[in-house]
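Novice: Kindly generate the corresponding structure for this input.
(3 chains)
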Amino acid sequence: MKRLILLSLIIAAVTGCSEMGVKPWQRDILARDDMALQSDPMDAAFDDHIYFSKEASSGGQSFGGGGCGCN
Amino acid sequence: MDNKFQKITGLITSATGSLLAATGAHASEATSEGIAGWDVDVAVLIYSEPDRVSALEPAISAKKTYDDESILSFKLVLDSLTGASHNGATATDTAQTFTRPSGNGSYSADAGETPLDDTFKDTRVSFTAGYEMPVDRMNRVVFGGNVSNEYDFFSVGGSATWLKDINQRNTTLSAGFSFEYDTIKPVGGFADPLSEMRGNDQSTNKEDTTDNRVMSEVLLGVTQVVDRNTLVQFNYGFALSDGYHNDPYKVISVVDDTTGETVAPTTSTLAGRYIYENRPDSRNKQSLFGKVKRYLSGDVLDASYRYMWDDWDVVSHTIDMRYRWNMSGTQYLEPHVRYYSQQAAEFYRHSITETEANSQSYGEYLSADYRLGDMVGTTLGIKWGFVTSGGHKSSVRLEYYKQTGDSSPSDAIGIQKTQDLYPDVDAFIFQYNYEF
Amino acid sequence: MKLQRLILSAAAVMAFALSAATTQAETWLNSLDLNQYKNKVVYLDFWASWCGPCRKSFPWLNSVEKKYAADGLVVIGVNVDNDLENAKTFLKEVPAEFKVFSDPDGQLADQYKLIGMPSSFVIDGNGEVRHRHVGFKKASVAAYEDSIVELLQELKR
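Specialist: Numbers count the residues shown, from 1 in each chain, chains lettered A, B, ... in the order given. This next block holds a predicted model:
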């Protein structure tokens, strides 16, 4: 039941998204290296491997989006 | 402290120098444009659990963007592992002896000491390649392939992810599929699940062969620009794995119903009765992940939460937070906190009683692998990023990871109440990174 | 003594003139009135200091300005940085040998209904936008140049 609520909250948030955002020329902050979804991919890969070896959970995170939105 | 740091960077730059020489590139040619258009990142990770496992992992990755905006990337990681790992048996009030996985020789634990198998010396090599291809202005596909090999384990896998931008690139939708094929060939072969660990003077009861496992995963995602300073991401993951899931080296202690002391075995020549674990041959995991990146007057906050559940009854929560404090345009300090909590797998037990072992009343599956137990993992870390005099980005990070579980569970019997049935695991992580 | 000083100052003047001629730095416009450029082809390019492909586009914009200025091409780079200092720092690393104009609030960008960065608009001799390019890809440079040449040829008629 808890999972259903969480999932439907996420879907509601996502479908309300078509009006949200910035104009293409307003992406200065988003273009910053430290605002990338994965700003330290090497660290993330090392951590993923450590936690996969020490815990019963793994992964769950994808990539893509944000950034300068150029081209 | 300054001198020590210079010594470390000296050691590492000479190590990376030899790595670069091997790949035919020269550090002196490095500019902010990379080497011949390739952006290279070299790193080394040192992982250390005092008195247990240690790992040294050098890694190198290279990425190049072509004129048509396609991107090719490669990564090579070496993982040199040494030290001792908990074998699943519990500490007890007498000394214990176990047979090494190879069947040659033995290792022991003192009274009150958690049994650790120190046979673990392994080197893993892992290679990953990726190719990102634009389909049209708003769509692209990313392909990945990976292969990794170590003494007792070989893995090969691939993935394909479709990324679609909508709403003038304010929203990015992603759908990814990945698969992996693993081959397991443990040292000494496979023991019959739930059979006793034999003494090294006995003929082996293990089958010297290989076994396999297939894993597949679907990962769906949405990334949304909320405003000029905020980015959010949501992911849903569904993973299925089929095949051999056991840890072939792990056992469970069988203890007396009233005294809690490890009982004598029925066929083995060892002093104690330890039976090999057995896990289901399939696993279905699902996860929900959410992340926020927020720019706050020059600094960046990165916070995420992951909720995972599977058909082994494992449920976990992961909260991860980082705060990048940009001290200047070229230097930052980034503290990091991670909190992980896990509910045990349905078939996890710290030990079983003699009655349970004889009647197999615990069911079909059983494991005392602490990584499947009720536990909390906390990480505290700090990272320092800077730009070198040559204009290249570099960083060092130091983290402390502590795992705790129920050391005195309510079902502890007799002398078990005096033992630590889930010892803490402490680990230190050090990483150095250099980009050019 | 007097002759030596004369020669030195002449040399100084020549050196100054020479340097001014060879390094043609960007020219910041105070206002943008496209009516000034009637009977010229205007290549209006929207750029920003944070835009990666803009870094790659500038060498090409410089070469195209040099090549076709005599034929009637005017390249104008409209900068959309909030903070002009960021734009100036960018220009120190990636020089622009054409006219630039600052649009910090994005008013001009809004007017032209930009859908992506960078964006360029090729405007003919009558002030009409005839071509629009979104993004900059080295692989598409020939197409960008063709759109300029097409309009320049119209001027000649």
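Novice: Report the separation between the closest residue to chain C within chain A and chain B.
Specialist: When scored by CB to the nearest CB, chain A has residue A:71 as its residue closest to chain C, at 3.4 Å. To be clear about C-beta, it is placed using only N, CA and C from the backbone, and glycine gets the same treatment. To chain B, residue A:71 is 6 Å away according to CB to the nearest CB, to the nearest Å.
Novice: Tell me which helix or strand that residue sits in.
Specialist: Counting by DSSP states H and E, no helix or strand carries residue A:71.
Novice: Return the residues in contact with it.
Specialist: B:69, B:137, C:53, C:116, C:134-137 (CB atoms under 8 Å, 6 or more residues apart in numbering or on different chains).
Novice: List just the nearest of the residues you listed to residue B:340.
Specialist: residue B:69 (37.6 Å; CB to CB).
Novice: my guess is that closest one meets residue C:136, correct?
Specialist: No: counting by CB atoms under 8 Å, residue B:69 does not reach residue C:136; the two are 10.0 Å apart.
Novice: count of neighbours near residue C:129?
Specialist: 13 (other CB atoms under 10 Å in any protein chain shown).
Novice: That one contacts residue C:113, correct?
Specialist: No: shown here, residue C:129 and residue C:113 do not form a contact pair, counting by CB under 8 Å, at 10.4 Å.
Novice: Residue B:212 bridge partners, please.
Specialist: residue B:183 (DSSP bridges).
Novice: which helices and strands sit right next to whichever strand or helix holds residue B:133?
Specialist: Using DSSP H and E, residue B:133 sits in strand B:122-136. Where contact means 3 or more CB pairs under 8 Å, 6 or more residues apart in numbering or on different chains; DSSP states H and E, strand B:122-136 is packed against strand B:71-83, strand B:139-150.
Novice: Would you indicate which residues of that strand are buried?
Specialist: For strand B:122-136, the neighbour count (16 or more other CB atoms under 10 Å in any protein chain shown) marks B:124, B:126, B:128, B:130, B:132, B:134 as buried.
Novice: Identify, from those residues, the entry nearest to chain C.
Specialist: residue B:134 (9.1 Å).
Novice: Could you find the closest non-adjacent residue to that closest one?
Specialist: residue B:140 (4.8 Å; CB to CB, 6 or more residues apart in numbering or on different chains).
Novice: and the one you found, how many neighbours does it have?
Specialist: 20.
Novice: Equivalent analysis for residue B:344, please.
Specialist: So residue B:344, with other CB under 10 Å, has 21 neighbours.
Novice: again, but for residue B:105
Specialist: Residue B:105 has 10 nearby residues by other CB under 10 Å.
Novice: so which strand or helix has the residue most central in space within chain A?
Specialist: When CA atoms, centre = their mean is applied to chain A, the residue found nearest the centroid is residue A:37 (5.2 Å). Residue A:37 belongs to no helix or strand when assigned by DSSP H and E.
Novice: need the helices for the chain, in chain order.
Specialist: Using chain A. In chain A, the segments counted as helices under DSSP state H are A:2-15, A:41-54.
Novice: Can you look at chain C instead?
Specialist: Using DSSP H, the helices of chain C run over C:2-22, C:52-68, C:84-93, C:107-111, C:141-156.
Novice: Any chance of those helices in TSV with mean neighbour count, distance to residue B:105 and mean pLDDT as columns?
Specialist: Formatted as TSV, these follow (neighbours: other CB atoms under 10 Å in any protein chain shown; distance: least, CB to CB, whole Å; pLDDT from 0 to 100):
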stretch	mean neighbour count	distance to residue B:105	mean pLDDT
helix C:2-22	9	79	62
helix C:52-68	18	58	94
helix C:84-93	14	63	94
helix C:107-111	14	74	95
helix C:141-156	14	68	91
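Novice: Enumerate the residues of chain B near chain C.
Specialist: Contact residues (CB under 8 Å from any CB of the partner chain) of chain B with chain C: B:67-69, B:137, B:168-169.
Novice: Quick one, which of those are buried?
Specialist: Buried among the residues of chain B next to chain C by 16+ other CB under 10 Å: B:69, B:168-169.
Novice: residue contacts, the closest residue to the residue nearest to the centre of chain A other than its chain neighbours?
Specialist: Sequence neighbours aside, residue A:66 is the residue nearest to residue A:37 in space, at 5.4 Å (criterion: CB to CB, 6+ apart). With contact taken as CB under 8 Å, 6+ apart, residue A:66 is in contact with A:30, A:35-37, B:172, B:223, B:225, B:231, B:293.
Novice: Since that was my last question, I'll sign off now.
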